[in-house]
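Novice: Below is the sequence, then the predicted model.
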Amino acid sequence: MEIVVCLKPVPEAETRLRVASNGTTLDVEGVKFVLAGYDESALEQALLLKEAVPGSKVHAVSFGPAPRTEEVLRSAIALGADLATWIEGPSGPGADPVTAARVVAAALADVPHDLVLCGKQAGDDEAGLFPGALAETLGLPDFDSVVDLRWDAGAGRFTFLRATDAGGERWQVPVPCVIGLQQAWNDPRTAKLPNILKSRKAPIAKRAAAEVPGPASVPVGFALPPPRTGARLIDYKTPDEAAQKLVRILREEAKVFP
Amino acid sequence: MTGAVLVVGEVQGGHLTPSTGEAVAVGRSLVAGAAELVGYAAGSAGASAAPEFGGWGVARVLVAADPALDGAPVAATAIGVAAEAERLGADIVVVPGSTFGRALSARLAIRWKAAAVTGVTEARRDGSSLVVARPVFGGRATERRRVDGGRVILALRPHAFASPAGAPTPVRTEEVAVGPLPPVLLSARRVSVEPTAKGAGPSLTDASIVVSGGRGLRSAEEFRLVEDLAVSLGAAVGASRAVTDAGWRPTSYQVGQTGRSVSPQLYVAVGISGAIQHLVGMMSSRVIVAINSDASAPIFRVADYGLVGDLFQLVPALTAEVRRARAS
Ligand SMILES: Cc1cc2nc3c(=O)[nH]c(=O)nc-3n(C[C@H](O)[C@H](O)[C@H](O)COP(=O)(O)OP(=O)(O)OC[C@H]3O[C@@H](n4cnc5c(N)ncnc54)[C@H](O)[C@@H]3O)c2cc1C
Ligand SMILES: Nc1ncnc2c1ncn2[C@@H]1O[C@H](COP(=O)(O)O)[C@@H](O)[C@H]1O
C-alpha cells in the first residue's frame, strides 16, 4: 500500500507566543518548529499500517519554507518514513490552509497514493480544512476525526470510527481515500540514534510549489489575550460550605449555572 | 453577487441542531441590503426538520431530501450546497461550528471556489471584504483574517454566538435535487452510528457545560463521581489523557491537543493538573472552575475559580448542592 502522510511543521507546544512587528502574525523568530500533535499521530498510524500490510511504503510530504520543513521531514525519515517530498514555498502560521491543500494536491498528481493521512487539524491554525480541500481537489472521499483505523486485507478496505459530536460512526471505505486522524497514541515511537544519523543524509525529493491562484483569506491581525490572573480560590471550612459558595458564585456572579 | 447568504442546517435525530441557530444569527448579520437569507437542510429528515428554521426567523428553506445523503460522506452534501449557492448568487455560506460544518466547508471551498474560515468567533462585512476573528494555538492567541471580494464559507466556533430570539416565521420550503452522486462517494459505507454513551447527556462539542476528570479520580470506578456531577449540571463529560490512556474511559472523552477542543460556557476540571496539552483544548472556555488538592497545580493559573482540597469530599458535596439548587 502506498501511504502518503502530510506533515505540517508547527511551533512546539511550549512556545511563548509573541506578535510579529507587522502585527498580523506570530513572531517566528527563534521559534522551534516540530512534528507535533495530530501529525505525529498520523505518521505513527502510517508506520503501524506499513508494518501490518506487507509491501507498503510511507511517503512523508510537507509544504513549507526552509529550514523547518526539511527538518520535520528528516525526523519523519528517522522514525521510519521510506520517502520524503519537500514542496518548498511559503506556508506556516497565518497561511491559508485551502491554498496549502491545492499546492500539495498538485504535487500529489504524479505520486502514488492509496491512502493520504493527515492530522485532523494543525497545531497552529487549527483550521481542519486541509484534508477535505485536498480530497475534493483530488476527487477522493475524505473522513475527518478518524480513530481506530484498520485495514481489512480480505475485503480490501479500511474500517474506522469517525468521532462526531453525537458519538461515533463506523465506516467501511475502499482505497484511495483521505483521512484526517484524531488518534491519541499512548506511546508514539521515538527515533533511534542510528536512524537519526542516517536520516541526515537521506535523499529528500524537492519541488517548487505550484502557482494556485484562487480565493484565499489573508491574516490581518494577531493578538494575545490578556494573561489570566489566576483563579480566585474559594475558602471554606467544610465541603458543603465550599459547594454552596461555588454554586452561588456560578449562579450570581459568573451567571453560568444551568 | 447579490449579497445573499445561505445557511446550511445540520440535522441530527430528525431535528436541526442548536448550532444551526448560531449559524443563522451570523448569516442574518451578514446579509447585504435587500438580499435574502436562505436555509438549507439535507438528508431524508431534511423535510421534516426544515420548518424549524422558522424558529430563528428564516422564511425560505431549500430541502435536499435525498436519502442517499444519509449514509454518504460529507462530500456528497457539499455537491448540492455548492449548486444552490451558485444558483442563488450567494456570496456567503455559513455552516454550524460542528464536525459536520467543518468537514463541509473544506469540500465546499474547492467545489464552490470560495475562501473558507473555520472556528470563527466574529464576522463582519467591511466594504467588499469580509473580516473574521478566530482563536488559534488552542485559544492562546486570536487571529484576524480578511477575504477581499468573492465568496466565503464561514464555519463558526461552537457557542461563540447566540441563536436569534423572537417570534417564529412561517417557512416556505423548496425541494432541490442533488443529482447522481459520484460512484467514488457511494463506495464508502457508513455501517453504524454509535451514540457516545448510553443515555449520555449532551455531546462534548455541543454542551454549554463540560465537566472533565483527570488522574486524581484514581480509578475507572471512581470516575463516576465526575459523571454524577455532570448529570446534575446537565453537562457533557470529558477527561484528561491520563484517564483515556489508563483506559478508564474511551479516547472520545479526551480533551486537549490530541483530543477534542471545547469552548463551553463553563468548564469544570476535577483532579486535572493542567498540562499545556490539556489546556490548549479548553482554555477558550468562558468560565473555568478547578478542583484540585494541589494549590500549585497549573490549572489554577488558567481557572477563574478554584477549590483547593480533596475531590473525593468536594465533588459529592457539589453534586448534592447542584441538585438542591436546581430543584429549588
Ligand atoms: C504529544 C502529547 C499530547 C498530549 N495530548 C494530551 C491531550 O490531548 N489531553 C490531555 O489531557 N493530555 C495530553 N497529554 C498529556 C499531558 O501532558 C498530561 O500528561 C495529562 O494531561 C495529565 O493528565 P492529568 O492532569 O489527569 O494527570 P496528572 O498530571 O497526574 O494530574 C492529576 C492531578 O490530580 C490531582 N489530585 C490527585 N488526587 C487528588 C484528590 N484526591 N483531590 C483533588 N485533586 C487530586 C493532583 O494534584 C494532580 O494535579 C499529551 C502529552 C503529549 C506528550
Ligand atoms: N503545509 C502543509 N504541508 C503538509 N501537510 C499539511 C500542511 N498544512 C496542513 N497539512 C495537513 O493537514 C492537516 C490539517 O491542517 P489544517 O487544515 O491547517 O488545520 C495537518 O494536520 C497536516 O496533516
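Specialist: The structure has been received and is ready for your questions. Numbering: from 1, shown residues only, chains lettered A, B, ... in the order given. Ligands and ions are numbered 1, 2, ... in the order given.
Novice: so where is the stretch 151-300 of chain B shaky, pLDDT-wise?
Specialist: For the stretch 151-300 of chain B, the stretches with pLDDT under 70 are B:196-201.
Novice: in it, which spans are helices?
Specialist: Taking DSSP state H, counting those that start in this stretch, the helices of the stretch 151-300 of chain B run over residues B:183-186, B:224-233, B:241-245, B:276-279, B:299-302.
Novice: quick one: the fourth one to chain centroid distance?
Specialist: In other words, helix B:276-279. Centroid displacement of helix B:276-279 relative to its chain, using Cα atoms, centre = their mean, to the nearest Å, is 20 Å.
Novice: Adding distance to chain A and mean neighbour count, write the helices of the stretch 151-300 of chain B out as TSV.
Specialist: Placement of C-beta: from N, CA and C, glycine included. TSV is the format used below for the helices of the stretch 151-300 of chain B (distance: least, Cβ to the nearest Cβ, whole Å; neighbours: other Cβ atoms under 10 Å in any protein chain shown):
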stretch	distance to chain A	mean neighbour count
helix B:183-186	6	14
helix B:224-233	6	21
helix B:241-245	5	22
helix B:276-279	5	22
helix B:299-302	4	22
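Novice: Could you give the number of residues near the residue in the stretch 51-200 of chain A positioned nearest to ligand 2?
Specialist: The nearest approach of the stretch 51-200 of chain A to ligand 2 comes at A:G119, 2.4 Å away (Cβ to the nearest ligand atom). A:G119 has 29 neighbours, counted by other Cβ atoms under 10 Å in any protein chain shown.
Novice: Can you classify the one residue in chain A that gets nearest to chain B as helix, strand or coil?
Specialist: Per Cβ to the nearest Cβ, A:G132 is where chain A lies closest to chain B, at 2.6 Å. What DSSP: H, G, I helix; E, B strand; the rest coil gives for A:G132 is helix.
Novice: and what of the one 5 residues further on?
Specialist: For A:T137, the secondary-structure state derived from three-state DSSP is helix.
Novice: which ones are touching it?
Specialist: A:A101, A:R102, A:A105, B:I110 (Cβ atoms under 8 Å, 6 or more residues apart in numbering or on different chains).
Novice: who wins for neighbours among those?
Specialist: A:A101 (29 neighbours).
Novice: Name the next helix or strand following the helix or strand containing that one along the chain.
Specialist: Using DSSP states H and E, A:A101 maps to helix A:97-108. Per DSSP H and E, helix A:97-108 leads on to strand A:115-119 as the next helix or strand towards the C-terminus.
Novice: ok, and what's touching that following strand?
Specialist: With Cβ under 8 Å, 6+ apart as the test, strand A:115-119 has contacts from A:1-6, A:8, A:37-39, A:41-43, A:45-46, A:49, A:108, A:130-131, A:134-135, A:138, A:140, A:158, A:175-181.
Novice: from the chain's centre, how far out does it sit?
Specialist: 9 Å.
Novice: Report the mean confidence score over that strand.
Specialist: Average pLDDT, strand A:115-119: 97.
Novice: so who does the residue of the stretch 101-250 of chain B found nearest ligand 2 touch?
Specialist: The nearest approach of the stretch 101-250 of chain B to ligand 2 comes at B:A106, 7.6 Å away (Cβ to the nearest ligand atom). Applying Cβ under 8 Å, 6+ apart, we find B:A106 in contact with A:V98, A:A101, A:G128, A:L129, A:F130, A:P131, A:G132, A:A133, A:A135, A:E136, A:D142, B:A116.
Novice: which one of those residues sits closest to ligand 1?
Specialist: Comparing these against ligand 1 with Cβ to the nearest ligand atom places A:G128 closest, at 15.4 Å.
Novice: Just give the closest residue to that closest one, not the sequence neighbours.
Specialist: Spatial nearest neighbour of A:G128, chain neighbours left out: A:Q121 (3.9 Å); criterion: Cβ to Cβ, 6 or more residues apart in numbering or on different chains.
Novice: And for B:S263?
Specialist: Nearest residue to B:S263 in three dimensions, chain neighbours excluded: B:S284, at 4.5 Å (Cβ to Cβ, 6+ apart).
Novice: What of B:G138?
Specialist: Counting by Cβ to Cβ, 6+ apart, B:G138 lies nearest to B:V280, which is 2.5 Å off, once chain neighbours are set aside.
Novice: Can you give me the neighbour number for that neighbour?
Specialist: B:V280 is flanked by 22 other residues according to other Cβ under 10 Å.
Novice: so who does the residue nearest to A:L134 when sequence neighbours are not counted touch?
Specialist: Among residues not flanking A:L134 along the chain, A:A101 sits closest, at 4.2 Å (Cβ to Cβ, 6+ apart). Residues near A:A101 by Cβ under 8 Å, 6+ apart: A:L129, A:F130, A:P131, A:G132, A:A133, A:L134, A:T137, B:A106, B:I110.
Novice: what about A:A155, how many residues close to it?
Specialist: 10.
Novice: any idea how far the residue in the stretch 1-150 of chain B positioned nearest to ligand 1 lies from B:R260?
Specialist: Going by Cβ to the nearest ligand atom, ligand 1 is nearest to B:G138 of the stretch 1-150 of chain B, at 9.8 Å. Look at B:G138 and B:R260: by Cβ to Cβ, to the nearest Å, they are 11 Å apart.
Novice: so what's in contact with these two at the same time?
Specialist: Shared contacts of B:G138 and B:R260, counting by Cβ under 8 Å, 6+ apart, come down to B:G281.
Novice: Any idea how many residues pack against B:Y305?
Specialist: B:Y305: 21 surrounding residues under other Cβ under 10 Å.
Novice: just for the stretch 101-250 of chain A, where's the confidence low?
Specialist: Scanning the stretch 101-250 of chain A for pLDDT under 70 picks out A:184-186.
Novice: Residue numbers of the stretch 51-200 of chain A in contact with ligand 2?
Specialist: A:61-64, A:91, A:97, A:100, A:104, A:118-119, A:121-122, A:125-131 (Cβ under 6 Å from any ligand atom).
Novice: Check which element follows the longest helix along chain A along the chain.
Specialist: Secondary structure of chain A read by DSSP state H shows that its longest helix is helix A:37-52. Using DSSP H and E, the next helix or strand after helix A:37-52 towards the C-terminus is strand A:57-64.
Novice: Just the local confidence number for residue 23, please.
Specialist: Picked chain A for this. pLDDT, A:G23: 91.
Novice: Correction: the question concerned chain B.
Specialist: 97.
Novice: Next: B:M1.
Specialist: pLDDT, B:M1: 55.
Novice: so B:V63, which of the three states?
Specialist: Here B:V63 is recorded as strand under three-state DSSP.
Novice: What is the neighbour count of it?
Specialist: As a burial measure, B:V63 scores 22 neighbours (other Cβ under 10 Å).
Novice: okay but it is in contact with B:A177, surely?
Specialist: No. The pair B:V63 and B:A177 fails to qualify as a contact (Cβ atoms under 8 Å) at a distance of 10.5 Å.
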